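> Sequence plus the predicted model coming up.
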Amino acid sequence: MSDDPRNPKLDDRPGSNTEKDPQDWVSGDEPMTGAQASYLTTLSEEAGEAPPKEDLTKAEASERIDALKARLGR
């Protein structure tokens, strides 16, 4: 048992192991998923941009989704 009495479940701002840089993903080099392609197309249309390239990787698609969401204020 650890000498650290800190309980991460009780922290106001616990660290997260669910957020990882897409470039560090094990599967980041795989082709984007159908869901990513669909969401990217929707976001691109809403932002008035061309649809995404079909050859994006999962990591590239994720980064593009984040950028478009930020641009659209989501």
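Arrived safely.
> how about the helices of this structure, start to end?
Remark: helices of the chain, listed N- to C-terminal, are 34-47, 58-71; assignment by DSSP state H.
> can you tell me how far K58 sits from A70?
Here the distance between K58 and A70 works out to 19 Å (CB to CB, to the nearest Å). From N, CA and C alone the C-beta is placed, and that goes for glycine too.
> Those two: which is more packed in?
Per other CB atoms under 10 Å, whichever of K58 and A70 has more neighbours is K58, with 17 against 9.
> so that one makes contact with E30?
Yes. A contact is recorded between K58 and E30 when judged using CB atoms under 8 Å, the distance being 5.3 Å.
> isn't E54 right next to A37, touching?
Yes. Applying CB under 8 Å, one finds E54 in contact with A37, separated by 7.5 Å.
> what about these two, which has more around it?
A37 (17 against 8).
> mind listing what that one touches?
Taking CB atoms under 8 Å, 6 or more residues apart in numbering as the contact definition, A37 lies against 52, 54, 56, 61.
> Local confidence estimate at it?
A37 is assigned 94 on the pLDDT scale.
> Equivalent analysis for the one 3 residues further on, please.
At L40 the predicted local distance difference test score is 95.
> What is the neighbour count of it?
L40 is flanked by 22 other residues according to other CB under 10 Å.
> residue contacts, it?
Contact partners of L40, counting by CB under 8 Å, 6+ apart, are 32, 51-52, 56, 61, 64-65, 68.
> Thanks again, I'm all set now.
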